[in-house]
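Chemist: Okay, predicted coordinates and the sequence, questions at the end:
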Amino acid sequence: MTIGWVIWGFLALEVFLRAALEIAEIRKSGQKNDRFALVRIIPLLNDLLPPESLSSKPQDPESAFAKAHERAHQKFHHGIIRQFFWAGILIAIAVFLGSVGILFQLGLVELLLLFHLLFAASRILFHFVCFSQEYEADTFAAKCVSKKVVLRAMNTLIAEEFPRSPLFAYVYRTHPTAVMRKKHLTKRQMPKSF
Ligand SMILES: [Zn+2]
């Protein structure tokens, strides 16, 4: 079996897993899925799709909780860390593709598909980094405002958000779902108030 077949096998597996996730989402939420469902399943096309939380409605930017949350991102240099993450990942992918490409004499299509697979896996890794930053910002923000304000901000988010499972969020979003964020705050900060 050549490495080309391994790459195509992984690609088929990716399509299968993404399709299964979409079906699970529809079953779980009871809602029809959004118009991007098909794009998410198609390899390479799904690389062009921005993370879902960028296109979803942001929470009220004027709320004290949202402001404190944004301050925390700045204070902990989250943006720069994200940029360093991508710089490191892209260099690693380039080095890997270069050496594997030469070693196995891969064609352009195989190199492109291999790049896609590595990029898709890195995105999930990136979301783990983002989630930990979002939780850190939430924890900081929760200390700056009253519990009532936190509760209101979280409940508004939950009401506005398209319901997603945690697995979906890890694959496609830079933000945990509002339910995950509320749960995190409940565990870490305010066991009595929620
Ligand atoms: Zn944030």
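Modeler: Happy to help now that I have it. Numbers count the residues shown, from 1 in each chain.

Chemist: Which SSE is immediately downstream of the helix or strand of the chain with the lowest mean pLDDT?
Modeler: One helix or strand of the chain scores below all others by mean pLDDT, DSSP states H and E: helix 52-55, with a mean of 68. Moving toward the C-terminus from helix 52-55, the first helix or strand encountered (DSSP states H and E) is helix 64-75.

Chemist: got the buried residues for the next helix or strand after that next one?
Modeler: The C-terminal neighbour of helix 64-75 among helices and strands, as given by DSSP H and E, is helix 78-104. Going by neighbour count (16 or more other CB atoms under 10 Å), the buried part of helix 78-104 is 78, 82, 89, 93, 97, 101, 104. Using the backbone N, CA and C atoms, a C-beta is placed for each residue, glycine as well.

Chemist: same thing with stretch 65-73?
Modeler: Of the residues in stretch 65-73, 65, 66, 68, 69, 72, 73 count as buried by neighbour count, 16+ other CB under 10 Å.

Chemist: Turn those into TSV, columns for distance to the ion and pLDDT.
Modeler: Shown next, in TSV, are the buried residues of stretch 65-73 (distance: CB to the ion, whole Å; pLDDT from 0 to 100):
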residue	distance to the ion	pLDDT
65	11	93
66	9	92
68	11	94
69	5	95
72	8	97
73	6	97
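
Chemist: so what's residue 125 up against?
Modeler: With contact taken as CB atoms under 8 Å, 6 or more residues apart in numbering, residue 125 is in contact with residue 89.

Chemist: pLDDT score for it?
Modeler: Reported pLDDT at residue 125 in the predicted model: 97.

Chemist: next one: phi and psi at it?
Modeler: Summarising the backbone geometry of residue 125 under the convention degrees, to the nearest 10, its torsions are phi -60, psi -40.

Chemist: likewise residue 164?
Modeler: With angles defined as degrees, to the nearest 10, residue 164 shows backbone torsions of phi -130, psi 150.

Chemist: Closest one to residue 140 out of the buried residues of helix 78-104, please.
Modeler: Out of the buried residues of helix 78-104, the one with the shortest distance to residue 140 is residue 78. That distance is 10.8 Å, counting by CB to CB.

Chemist: So the closest one sits against residue 137, correct?
Modeler: Yes: Residue 78 is in contact with residue 137 according to CB atoms under 8 Å; the separation is 7.1 Å.

Chemist: anything in contact with each of those two?
Modeler: Common neighbours of residue 78 and residue 137, using CB under 8 Å, 6+ apart, are residue 72.

Chemist: Does residue 15 touch residue 41 like I think?
Modeler: Yes: assessed by CB under 8 Å, residue 15 is found in contact with residue 41 at 6.0 Å.
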